[in-house]
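In: Sharing a sequence plus its predicted fold:
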Amino acid sequence: MTQRTLRLSDGATVAALDVGRGEPLLLIHGVGMNARAWAPQIADLSHDYRVIAVDMPGHGGSSPLPRGAGLRDYVAWAARVIEALALGTVNVAGHSMGALIATGLAVDCPELLRRVAVLNGVHRRTAQARAAVEARAAQIAAGDYDTEAPLARWFGPQDGAVRAQVAGWLRAVDPQGYATAYDAFAKGDDVYADQWHRITCPALVLTGDGDANSTPDMTCTMAASAPRGRAVVVRGHRHMVNLTAPDEVSRALGDWLKTPLMIERDGVRA
């Protein structure tokens, strides 16, 4: 596994893990995590694909975005990452905040994408859920947050080893990078919510059936709204499903990566 640093057109740097050969797959993690949160998928998919997992702005070794950056700023950042890779069009999979970024890329920059995968994404939170996530964003911005609270939402009692690893990542994240990204995440669930009909590339939308915030209903709504959307709900898992059910998630991603880019109707490719 190769650790590399990308330099973007605006001078920012992005830390990335780069492994394998073949069709490129860009992986974008969620708030508080880093590129290594994709370790099982990197190991599984790099046999057949070139997998590039990046640290989000203000996470790991990547330069931060300015305070107050919103979801569209993160989407623009991801577009610059793809351009810096200079690999042409890429497949993009995002988890949680990364899922929102991936969605935005598919809407705003379809010319950069082959396929898009949205894992544990949020879509039009309820008023109660919105109030809760905005309150958490305010606490994080004030430097007053408890890492045990998200862990309790993300994991079940059977997930001890993975939970401990993720707890370490949460404790190590840069506080300002975390706060900026979480604020964008809290306000980002409806930014592209009305645009799913414009996502014409193959779109995988996946969550765990126990994810109370990125719910199966959200997943099914997003997938049904995309012309080539497919919903997958992994039973018995919560928010960090790519780590707690790695084989199922890697298998779903592998199937998605084999989806033809074009479809045929009456012998005509479209």
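Out: That came through, no problem.

In: So, low pLDDT: which residues of the stretch 151-270 of the chain?
Out: Low-confidence segments of the stretch 151-270 of the chain, defined by pLDDT under 70: 263-270.

In: need the strands for it, in chain order.
Out: Along the stretch 151-270 of the chain, counting by DSSP state E, counting those that start in this stretch, strands occupy 203-208, 229-234, 264-265, 268-269.

In: what's the most buried one of these?
Out: For the strands of the stretch 151-270 of the chain, the largest average neighbour count (mean count of other Cβ atoms under 10 Å) is found in strand 203-208, namely a mean of 28. (Glycine included, C-beta is placed from N, CA and C.)

In: quick revisit: and of the strands of the stretch 151-270 of the chain, who's closest to Y178?
Out: In this view, the strands of the stretch 151-270 of the chain are compared for proximity to Y178 by Cβ to Cβ, and strand 203-208 is the closest at 22.5 Å.

In: Mind listing the strands that closest one pairs with, and their directions?
Out: strand 113-119 (parallel), strand 229-234 (parallel) (DSSP bridges).

In: just to revisit the earlier point, which of the strands of the stretch 151-270 of the chain sits closest to D73?
Out: Nearest to D73, of all the strands of the stretch 151-270 of the chain, is strand 203-208, at 22.8 Å by Cβ to Cβ.

In: Run the chain-centre distance for that closest one.
Out: Once both centres are worked out by Cα atoms, centre = their mean, to the nearest Å, strand 203-208 turns out to sit 11 Å from its chain's centre.

In: again, but for stretch 212-222
Out: The answer for stretch 212-222 is 15 Å, by Cα atoms, centre = their mean.

In: List of residues touching it?
Out: For stretch 212-222, the surrounding residues in contact (Cβ atoms under 8 Å, 6 or more residues apart in numbering) are 96, 99, 103, 118, 120-125, 129, 133, 153, 196, 203, 205-207, 209, 229, 231-233, 238-239.

In: hang on, the earlier thing: to G254, which of the strands paired with strand 203-208 lies closest?
Out: Across the strands paired with strand 203-208, G254 has its closest neighbour in strand 113-119 (10.8 Å, Cβ to Cβ).

In: So what touches that closest one?
Out: Here strand 113-119 makes contact (Cβ under 8 Å, 6+ apart) with 23, 89-96, 98-99, 102-103, 105-106, 199, 201-207, 222, 241-242, 249, 253, 256-257, 259, 261.

In: What subset of the residues you listed is buried?
Out: The neighbour count (16 or more other Cβ atoms under 10 Å) marks 23, 89-96, 98-99, 102-103, 105-106, 199, 201-207, 222, 241-242, 249, 253, 256-257, 259 as buried among those.

In: Narrow the residues you listed to those in helices?
Out: Judged by DSSP state H, helices contain the following of the buried ones among the contacts of strand 113-119: 98-99, 102-103, 105-106, 222, 241-242, 249, 253, 256-257.

In: Now Q3: closest residue in space that isn't a chain neighbour?
Out: Using Cβ to Cβ, 6 or more residues apart in numbering and skipping residues adjacent in sequence, the residue nearest Q3 is L17, 6.2 Å away.

In: If you count neighbours, what's buried in the helix or strand that neighbour falls within?
Out: Take DSSP states H and E as the rule and L17 turns out to sit in strand 13-19. For strand 13-19, burial by neighbour count (16+ other Cβ under 10 Å) applies to V14, A15, A16, L17, D18, V19.
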